[in-house]
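In: Fold the following and give me the result.
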Amino acid sequence: GITFEEKKGIAAWHPDARVFVVKNADGSERGLFLADYFARPSKRSGAWMSALKSGYKLGHGSKPVIYNVMNFAKPPAGEAALLSVDEAKTLFHEFGHALHGMLTDVTWPSVSGTSVSRDFVELPSQLYEHWLTVPAVLEKHALHVKTGKPMPKALLDKMLAARTFGAGFATVEFTASALVDMAYHARPDAPEQPLRFEAETLEKLDMPDTIAMRHRTPHFGHVFSGDGYSAGYYSYMWSEVLDADAFAAFEETGDPFNPALAERLRKNIYAAGGSKDPEELYTAFRGKMPSPEAMMVKRGLV
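Out: Residues are numbered from 1 along each chain as shown. As a prediction, the model looks like this:
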């Protein structure tokens, strides 16, 4: 029910940053969205979402000003910017975060938008990635740059089939890092020889010799740079359990754009912020807590 209208002539931090007014279904203004998509020397690497201003109803209220930053290759003037499938997935992921910020409908600033627990914050973003490969979306947006024709079905089928390539390898390398992370933080003290502890832990797990941890201990910045992810690297996989189960709800209806389910998703996930416990919010949307089966199917492991 929301629409985006680009506003020219509004000065942002760089000429590449585009400004959009976000409107509700009734035409009223909801907030602003800024899109800064192209790489340049002054940017750090990666992609992210953040807010210049959060949305909330306390006092006179505040309309959200949300932005996405990417590092896509900027095309020559007058030519189209081309995205790989992975880049398009990143675009959808960060826009899922942006929707979390823009659709927020809470009273208190402290629970606005993405102010939720670490694993739950990735649900709106990872869930939104699923719509990238919905045929109706690809038929409209994955067009040949010269002919304007949509992606042939044979190519689409090959692309979708390739998504699960190496899924077993990826699952083992990630899970190994997550379990070693937990093992470190379950100790009352730091091991005197961390790499020996790492090797012993992997041996107890029967880690295959042919697969390495996704992140070895000495450079595992996620879990040793602060308390944000300490003993919590597994949360990415729990987020995937959530997003796979949530999209399965749409698949079960036979309509990836099911209006009634989409409204429950908006109300209980995208709009609710941290106003209630995540379990309560997810159950209100789905009718139950998630199980890992949908993630296993998504990864091609079932």
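In: count of neighbours near the nearest residue to F224 once chain neighbours are set aside?
Out: Spatial nearest neighbour of F224, chain neighbours left out: S230 (7.7 Å); criterion: CB to CB, 6 or more residues apart in numbering. Yep, even glycine has a C-beta here, placed from its N, CA and C like the rest. Counted with other CB atoms under 10 Å, residues neighbouring S230 total 15.
In: Tell me how far S230 lies from H185.
Out: 6 Å (CB to CB, to the nearest Å).
In: Could you do K288 as well?
Out: In terms of CB to CB, K288 sits 30 Å off from H185.
In: for E94, same thing?
Out: 29 Å.
In: can you check D277 too?
Out: Counting by CB to CB, the gap from D277 to H185 is 24 Å.
In: go on, D209?
Out: 26 Å.
In: for K158, same thing?
Out: Remark: distance between K158 and H185 (CB to CB) = 42 Å.
In: For those two, indicate the residue with more neighbours.
Out: It is H185, of K158 and H185, that has more neighbours when counted by other CB under 10 Å, with 13 against 10.
In: Pretty sure the more buried one sits against Y229.
Out: No - using CB atoms under 8 Å, H185 makes no contact with Y229, being 10.2 Å away.
In: Identify each buried residue in stretch 210-219, please.
Out: 213, 215, 217 (16 or more other CB atoms under 10 Å).
In: Kindly report the same for stretch 34-52.
Out: So for stretch 34-52, counting by 16+ other CB under 10 Å, buried means 34-38, 47, 49, 51.
In: First-to-last residue distance for that stretch?
Out: 10 Å (CA to CA, to the nearest Å).
In: Also stretch 43-59?
Out: 36 Å.
In: returning to that earlier point: please identify every residue contacting each of S230 and H185.
Out: Common contacts of S230 and H185, defined by CB atoms under 8 Å, 6 or more residues apart in numbering, comprise V223.
In: Please report how far R187 lies from Y282.
Out: Separation of R187 from Y282 (CB to CB) stands at 32 Å.
In: more neighbours, the two?
Out: Taking neighbours as other CB under 10 Å, R187 and Y282 compare with Y282 leading, 21 against 9.
In: pretty sure that one is in contact with M289, am I right?
Out: Yes - between Y282 and M289 a contact is recorded at 6.6 Å, counting by CB under 8 Å.
In: I appreciate the help and will end here.
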